[in-house]
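1. turn this into a model:
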Amino acid sequence: MPKLYLLLPLIALVALALPIQAGAQTETQLKMTQQLLDENRHVTALQVSKQAFFSAERQGNSIHMAHAKALEAFAMAGPAPDRLNRRRKRRTLRVVEEAQDRLRSVGADSLLLLVNRLDRKIKGEEVKKVGPGGLAQVRPRASDLIERQVKKLRKIGDTISVLQTEKERFEREVDALNDEQARQDLLLAKQQQAIDSISMARLEDSLTVTRQEKELQAQQAQIELQRTQRDRSLILAGAIIIIAAILFLLYFNSRRKNRVIQRERKRSEELLLNILPLSVAEELKTHGEAAARHYEEVTVLFSDFKDFSKVTKDLSPQELVEALDRCFRQFDEIAARHGLEKIKTIGDAYMCAAGLPEPVERQAQRAVQAALEMQAWLAQATDLPFPGARIGLHTGPVVAGVVGARKFAYDIWGDTVNLASRLESKGAIGKVNISQATYELVKRDFDCESRGKLPAKGVGEVEMYFVKGTREAMLPRGEGRHQQVSS
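-> The predicted structure is shown next:
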């Protein structure tokens, strides 16, 4: 998730945009209230008008406040103002009175006329219907001021008309007067004409000033609109840039998390493959469990170090573990090179098998060759605390599978496993002891020395052979550990 400080620029931009858009928002709320009243949705109109009043109050706009309060009065009155109950009528009249006061203070005479009519209708008095357009025609703006100015100019025009009528009357009376009176009346007429000229000039000046004020207001409104649009564009562009940056950071953060997850998954899979064979691990991941499988022919290898219990008494725990780790790492490398599957270690005993979890070619030869290489390595590793190891092999059927729900392990069972263990215990240090079944499979590839039948605990007499060495070149080094039998 993104950090909180990444959102601070967006919050600052929105905060700067609020004063710019507040005026336009209030006008939009007033128009929406008027539309809701036209649709007789008075409850919603009441809520929107209150919001418009609060917005105008925050801006300090007295005209918008008066307009919003008037719309609130009409929304509270509802479609039937003359049929309100007593309690609602009192509340509505209070709002009407407040609206009247505000409208008088801002000089919105047209809207005040409508509110006065609403007041009389609530009180049960007869009122005339409002012409088409209703409140939509009322706008407490500069147009009201211009209208009042025009009314004043009309009054001046009426006065001028009266003066012109009087002038004509005076001219008719001049004809009836004597020369002295005519001269005096003429002088008065000229004076009056001068006064009329001055009045006309003032009237023209007033009309010119009114026209210029109207043009100036239109230009200011256009400039304000352009400024508002520009500010909105800048805010929108900034918001888009910030959102894009946040999405960019989220995208790369998601990619980083995915890489971490993939790396951890790879480590988990590698750890699982160190515990289980590949095919068994895939079956566990796919189905949640691995079914036990029967193998008709598998060669099992057991090894055990001589005098292990005696040697451990003279070694520190760290020296003992380091020696076992060194031997078993080498055994793992040899077993993997010849395609044997490591099963487990028990103390100083090492157990592996050839021919599972997938069958391989010449599995018995692979196991015997691996055993010879293990003995050869132990013979040249003179710095080990162990004098040597016994290795026994037997070939036969086994059952393999995964046991346990926690710390599960891949294991094999059957008489073949027990007999391989007996062959190891009946072997000799540095020798590879194999059974009759294994001998029949490898006698063409290895020189073997018969030991005859020897007693094995729990089994009886078993024919045994020591493997002396290879007759010819064996499998090439470095073959895969799970090479399958070719069809």
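2. just how off-centre is the helix or strand hosting Ile412 within its chain?
-> Secondary structure assignment for Ile412, by DSSP states H and E: strand 409-413. From the chain centre to the centre of strand 409-413 is a distance of 46 Å (CA atoms, centre = their mean, to the nearest Å).
3. now do it, average pLDDT.
-> In this model, strand 409-413 has a mean pLDDT of 83.
4. what is the subsequent helix or strand relative to that strand?
-> Following strand 409-413 in sequence, per DSSP H and E, is helix 415-425.
5. just the residues contacting the very next helix or strand once past that next one, thanks.
-> Following helix 415-425 in sequence order, the next helix or strand is strand 432-435 (DSSP H and E). Residues from elsewhere that reach strand 432-435 (CB atoms under 8 Å, 6 or more residues apart in numbering): 368, 371-372, 375, 390-395, 419-420, 423-424, 426-427, 442, 448, 451, 462-467. Every C-beta, even on glycine, is put in place using the N, C-alpha and C of the backbone.
6. and with 6 Å instead?
-> Ala371, Leu372, Ile391, Gly392, Leu393, His394, Leu423, Gly427, Met464, Tyr465, Val467 (CB atoms under 6 Å, 6 or more residues apart in numbering).
7. on contacts alone, who are the packing partners of the very next helix or strand once past it?
-> Beyond strand 432-435 on the C-terminal side, the first helix or strand identified by DSSP H and E is helix 436-442. Contact here means 3 or more CB pairs under 6 Å, 6 or more residues apart in numbering; DSSP states H and E; on that basis helix 436-442 packs against helix 363-380, strand 389-403.
8. looking at the ones you listed, which is closest to Gly60?
-> Among these, the nearest to Gly60 by CB to CB is strand 389-403 (78.8 Å).
9. show me what that closest one is packed up against.
-> Against strand 389-403 (3+ CB pairs under 6 Å, 6+ apart) you get strand 293-305, helix 363-380, strand 409-413, helix 415-425, strand 432-435, helix 436-442.
10. quick one: closest of these to Asp314.
-> strand 293-305 (14.0 Å).
11. partners of the closest one in the sheet?
-> Within its sheet, and counting by DSSP bridges, strand 293-305 is paired with strand 349-354 (antiparallel), strand 389-403 (antiparallel).
12. would you mark the buried spots in the helix or strand following that strand?
-> Per DSSP H and E, the first helix or strand lying C-terminal to strand 293-305 is helix 308-313. Residues of helix 308-313 classed as buried by neighbour count (16 or more other CB atoms under 10 Å): Phe308, Val311, Thr312.
13. tell me the one of those residues nearest Lys214?
-> Thr312 (109.9 Å).
14. count of residues packed around the closest residue to that closest one other than its chain neighbours?
-> Using CB to CB, 6 or more residues apart in numbering and skipping residues adjacent in sequence, the residue nearest Thr312 is Leu320, 5.6 Å away. Leu320: 17 surrounding residues under other CB atoms under 10 Å.
15. likewise for Ile242?
-> For Ile242, using other CB under 10 Å, the count is 18.
16. that one looks like it's in a helix, true?
-> Yes: counting by DSSP: H, G, I helix; E, B strand; the rest coil, Ile242 is part of a helix.
17. so what's it scoring on pLDDT?
-> Reported pLDDT for Ile242: 92.
18. make residue 1 into 57 and carry on from there
-> That works, and once the first residue is 57, the last one we named lands at Ile298.
19. and whatever helix or strand Thr266 lives in, what does it pack onto?
-> Under the criterion of DSSP H and E, Thr266 resides in helix 235-331. Applying 3+ CB pairs under 6 Å, 6+ apart, one finds that helix 235-331 contacts helix 64-94, helix 198-232.
20. for the helix or strand containing Gln374, give me every contacting residue.
-> Gln374 is part of helix 373-393, with elements assigned from DSSP H and E. For helix 373-393, contacts defined as CB under 6 Å, 6+ apart pick out Thr368, Lys398, Thr401, Tyr406, Cys408, Ala426, Glu429, Met430, Trp433, Leu440, Pro441, Arg537.
21. so who does Phe502 touch?
-> Val424, Val523, Thr526.
22. please convert the buried members of those into ChimeraX selection syntax.
-> The buried residues among the contacts of Phe502 can be selected in ChimeraX (16+ other CB under 10 Å) with this line:
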select :424,523
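23. mind putting the contacts of Phe502 into JSON lines with pLDDT and distance to Arg385?
-> Formatted as JSON lines, the contacts of Phe502 follow (pLDDT from 0 to 100; distance: CB to CB, whole Å):
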{"residue": "Val424", "pLDDT": "95", "distance to Arg385": "21"}
{"residue": "Val523", "pLDDT": "93", "distance to Arg385": "24"}
{"residue": "Thr526", "pLDDT": "85", "distance to Arg385": "25"}
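24. so can I have CSV of the contacts of Phe502 showing distance to Ser310?
-> Shown next, in CSV, are these (distance: CB to CB, whole Å):
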residue, distance to Ser310
Val424, 54
Val523, 59
Thr526, 58
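25. any idea which of the contacts of Phe502 is closest to Arg142?
-> Nearest member of these to Arg142, counting by CB to CB, is Val424, at 111.8 Å.
26. which residues are in contact with the residue lying closest to the closest one once chain neighbours are set aside?
-> Take Val424 and drop its neighbours on the chain: the residue closest to it by CB to CB, 6+ apart is Val498, 5.2 Å away. Val498 makes contacts with Ala420, Gln421, Val424, as judged by CB under 6 Å, 6+ apart.
27. let me know the closest of those residues to Leu102.
-> Ranked by distance to Leu102 (CB to CB), the contacts of Val498 are led by Ala420 at 95.3 Å.
28. returning to that earlier point: among the strands paired with strand 349-361, where is the model least confident on average?
-> strand 445-459 (a mean of 89).
29. contacting residues around that strand?
-> By CB under 6 Å, 6+ apart, the list of residues contacting strand 445-459 reads 346, 348-352, 354-361, 412, 420, 423, 427, 434, 464, 466-470, 472, 475-476, 479-480, 483, 488-491, 493-494.
30. just the buried positions in that strand, please.
-> Ala445, Arg446, Ile447, Gly448, Leu449, His450, Thr451, Gly452, Val454, Ala456, Gly457, Val458.
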